[in-house]
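[1] dropping a prediction and its sequence here:
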Amino acid sequence: MTPDTPQERAERLHDRTLSSPHDRFGERLKTNATAEVLQTRLMQAEVASLNTTFEHLTESGALPAAAAALLGARRRYIVGAGKSATYAALLAADLSAALSNVFSVDGQSLTELTVLTDVRATDVLVVFSLRRYRAESVRFGRLFAEAGGTLVVVTDSADAPLASLASCLVIVQTGSASYADSPTSVAAVCHVLSALTAASAKGARRRLTLRDRISATLGLYHAEPIATDASAAGSGPAEKGTGARRSATRKHRTHDHQRGNSDR
């Protein structure tokens, strides 16, 4: 990964001091910028954050290590609080499609108390902990690690509260031109991590096939018409058949008209 220039390092350190959306709003969103200028700035920042994240993760090998931890686990727990709950739900949804025993610790159907009551060395907890680092996620991750479980931490800094306790530390860049830190790299990490895990999971293909069959039985999805190249171009078999029928009808009517004239 290309080292940061002194200016880039200073900018990144300054950005880390803007801990709240309120602080970032005035700093990042200039009132005199047009929508087009702001859009360009936002898109460039998202691309830069994603590229930096992928470069760092390629060098660190953190994602293959996290995938290996998930594959070797007996139970797989996913947690995030506040905005991070969205990332936890995304990862849990993708993992559960290919793996069994994936549990979202949402505080309702499954609580921290229930998980901590029975932590085994073969259990893994994936914690999404991004600034401003929700206290409940930090507390839960710490207690889970102390109980002997394996901790995978997805965070935005090597100095994050749970970083030192992580068996696998996945660091993402969340720099943005918006008042909200970027979700792009976090969502991308969820996507790559679930794909890496599913690719090596025994029975993943069979599980996905079974899910499709059950989904069809339950009627979960709206049935979309299957479009062909011909029909998409407006000249499908159905339309051709309709045109042929119309032509035959016109010929039949002409013949009847001519015959009627001769009868008269």
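    Yes, it's here.
[2] look up how far Ala85 lies from Gln108.
    Distance of Gln108 to Ala85, given as Cβ to Cβ, to the nearest Å: 11 Å. For the C-beta atoms, the positions are set from N, CA and C on the backbone; glycine is no exception.
[3] looking at the two, which one has more neighbours?
    More neighbours surround Ala85 than the other of Gln108 and Ala85, with 19 against 7 (other Cβ atoms under 10 Å).
[4] give me phi/psi at Val102?
    phi -110, psi 120 (degrees, to the nearest 10).
[5] for Asp123, that is, sorry about that
    With angles defined as degrees, to the nearest 10, Asp123 sits at phi -90, psi 150.
[6] just Val154 next, same as before
    Here is the backbone geometry of Val154 (degrees, to the nearest 10): phi -100, psi 110.
[7] bridging residues for it?
    With DSSP bridges as the criterion, Val154 is bridged to Phe128, Val170.
[8] can you give me the helices in the stretch 1-150 of the chain?
    Along the stretch 1-150 of the chain, counting by DSSP state H, counting those that start in this stretch, helices occupy 6-16, 21-28, 35-60, 62-71, 84-98, 112-116, 135-146.
[9] tell me the centre residue of the chain?
    Ala187 (4.2 Å; Cα atoms, centre = their mean).
[10] wasn't that one part of a strand?
    No. Counting by DSSP: H, G, I helix; E, B strand; the rest coil, Ala187 is not part of a strand but helix.
[11] circling back: tell me which of the helices of the stretch 1-150 of the chain sits nearest to Val154.
    Closest approach to Val154 among the helices of the stretch 1-150 of the chain (Cβ to Cβ): helix 84-98, 7.3 Å.
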